[in-house]
Every structure is written in C-alpha cells, then in structure tokens.
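[1] structure, please.
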Amino acid sequence: MRSFREKVIVLSAIILIGNAFSTQDSSATKHKPTWAQIEAAKKLESIKKKIANASMKKLVNARGDLKVLTSIANASTTKYVVAKKELSIATTQFNLATDAYSLAAQEVTSTHLEIGRQALSLGE
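    Numbers count the residues shown, from 1 in each chain. This is a model prediction of the structure:
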C-alpha cells in the first residue's frame, strides 16, 4: 500500500503529464482524446477517489476521537468541580478545628495560670 506522500507525488506527476499533452493553441481544432488520455484520466480519477476515501476515513476517525476526548474532558471537569467543592469544605472544617484548638489551648493555659496563682496564695 502506498503512503499518502507517494500517492500525492504520483497524482502530481499524472497531472503534469496530462498538462503537457493538453497544451494546445486556442486556435487549434478540437479533437477527441486518445485512448491513452482516457485511460490516464480514469487512473487519475481512481487515485483521486482513493485519496478522498482515505481522507474521509481519517476524518470519521478523528470525529470519533474528538467525541471520546470531549466526553473524557467533560468527566474530568466534573470530577475537578466535585473535588474543588470537597476541598473547600475540608478547608473550612480545618479552619474551624484550628480555631477550636487555639481557643482550647488558651483555656488550658489560662486554667494552668489560675491553678498556679491559687497554689501560691495557699502557700502564703
């Protein structure tokens, strides 16, 4: 099977050869194409059709790939939004817990100081 580049080169060569045979003066009489020219044109059209079909297959595959990638991207976006909400909730809970810990630590320190004062006043 020929690569796309090889097909393009063959197609270009056929077009150049066809143009070389078709260069005529505008005043020349119109003639019927030769059998070789007809066969060359058929071959050229066949190659064009094959290239068009291959391109169509690639396009169909690309559309399918695009749909799959779009659905993956949408699912990922949904997961991201959910994770972002969960992170926000966890951050809020962390901040509340940190505030509660700080308040409790202050209360413990205050209680220790009070116990120390009372111990000093009893010892007098």
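[2] can we go C-alpha only for contacts and neighbour counts from here?
    Will do.
[3] give me the below-cutoff pLDDT ranges for the chain.
    In the predicted model, the chain carries pLDDT under 70 at residues 1-2, 19-29, 123-124.
[4] max-length helix in this structure?
    For the chain, the longest helix by residue count, based on DSSP state H, is helix 35-123.
[5] that one packs against which elements?
    helix 4-22 (3 or more Cα pairs under 8 Å, 6 or more residues apart in numbering; DSSP states H and E).
[6] do you know how far the spatially most central residue of the chain is from S76?
    Centroid check for the chain by Cα atoms, centre = their mean gives L69 as the closest residue, at 6.2 Å. Counting by Cα to Cα, to the nearest Å, the gap between L69 and S76 amounts to 10 Å.
[7] same question for R63.
    Plainly put, R63 is 20 Å away from S76 if you go by Cα to Cα.
[8] got it, and N53?
    Distance of N53 to S76, computed by Cα to Cα: 34 Å.
[9] give the buried residues for stretch 40-59.
    For stretch 40-59, the neighbour count (16 or more other Cα atoms under 10 Å) marks A40, L44, I47, I51 as buried.
[10] wait, which of those is closest to A104?
    Sorting the buried residues of stretch 40-59 by distance to A104 puts I51 at the head of the list, at 77.1 Å, by Cα to Cα.
[11] so how far is K7 from that closest one?
    Taken as Cα to Cα, the span from I51 to K7 is 8 Å.
[12] what's the burial count for K7?
    By the measure other Cα atoms under 10 Å, the count of residues near K7 is 16.
[13] what's it in contact with, if anything?
    For K7, the residues meeting the contact criterion (Cα atoms under 8 Å, 6 or more residues apart in numbering) are I47, I51.
[14] 6 Å instead, please
    Listed by Cα atoms under 6 Å, 6 or more residues apart in numbering, K7 has no contact partners.
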